[in-house]
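Student: Generate coordinates for the sequence data below:
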Amino acid sequence: MALVCTPHIAIDESELDESFVRASGPGGQNVNKLSTAVQLRFDVRRSAALPDAVAVRLMRLAGRRLTGDGILVISAQRFRTQERNRADARERLAELVAEAAVPPVPRRATRPTLASKKRRLEEKSRRGSTKRLRGSPAD
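Tutor: Below is the predicted model of the structure:
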């Protein structure tokens, strides 16, 4: 079984490590008794499923969810049941990988048009004249 992120990227179950901890959210008395929150760990650096470029973008996207060892940690405790939190964590990982799989569009340098330059300069002179009129009257 694999976690399908994109048509070309699927993460094998053996690469995912789940641990269950007590949640702080909704659940009534269950909060004190059951470990419903999920911590999903995924080693981005050593993953065979991710191309290098995608792994680099994923590490940049992960931000503070990434440990110093390159392990992505996703915590899910939104729901009351372990199964739904587990599915939520996996879904969030898949969305993150899918977002990282899209290569950024390179920026094409453009120059301002002559008309936009003229408009900018006219607005600057108009603004300057308004400020000049605010001054104290000349003697």
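
Student: what ranges do the helices span in the chain?
Tutor: Here the chain has its helices, by DSSP state H, at 30-33, 52-62, 82-101, 114-134.

Student: just the ones you listed: most buried one?
Tutor: helix 82-101 (a mean of 18; mean count of other Cβ atoms under 10 Å). In short, each C-beta sits where N, CA and C put it, glycine included.

Student: Can you give the contact residues for that helix?
Tutor: For helix 82-101, contacts defined as Cβ atoms under 8 Å, 6 or more residues apart in numbering pick out 3-6, 8-9, 11, 16, 18, 20, 23, 34-40, 42, 50, 54-55, 57-58, 61-62, 72, 74-79.

Student: Quick check on those: which are buried?
Tutor: Buried members of the contacts of helix 82-101, counted by 16 or more other Cβ atoms under 10 Å: 3, 5, 9, 11, 16, 18, 23, 36-40, 42, 50, 54-55, 57-58, 62, 72, 74-77, 79.

Student: mind listing what the residue nearest to the spatial centre of the chain touches?
Tutor: Centroid-nearest residue in the chain, with Cα atoms, centre = their mean: Leu61, separated by 4.8 Å. Shown in contact with Leu61 (Cβ under 8 Å, 6+ apart): 96, 99-100.

Student: Which of these sits closest to Lys118?
Tutor: Using Cβ to Cβ, Glu99 comes nearest to Lys118 of the contacts of Leu61, at 40.9 Å.

Student: what's the spacing between the residue nearest to the centre of the chain and Ser24?
Tutor: Distance, Leu61 to Ser24, by Cβ to Cβ, to the nearest Å: 26 Å.

Student: Check Met1 too.
Tutor: Distance, Met1 to Ser24, by Cβ to Cβ: 30 Å.

Student: repeat for Arg127
Tutor: Arg127 is 53 Å from Ser24, by Cβ to Cβ.
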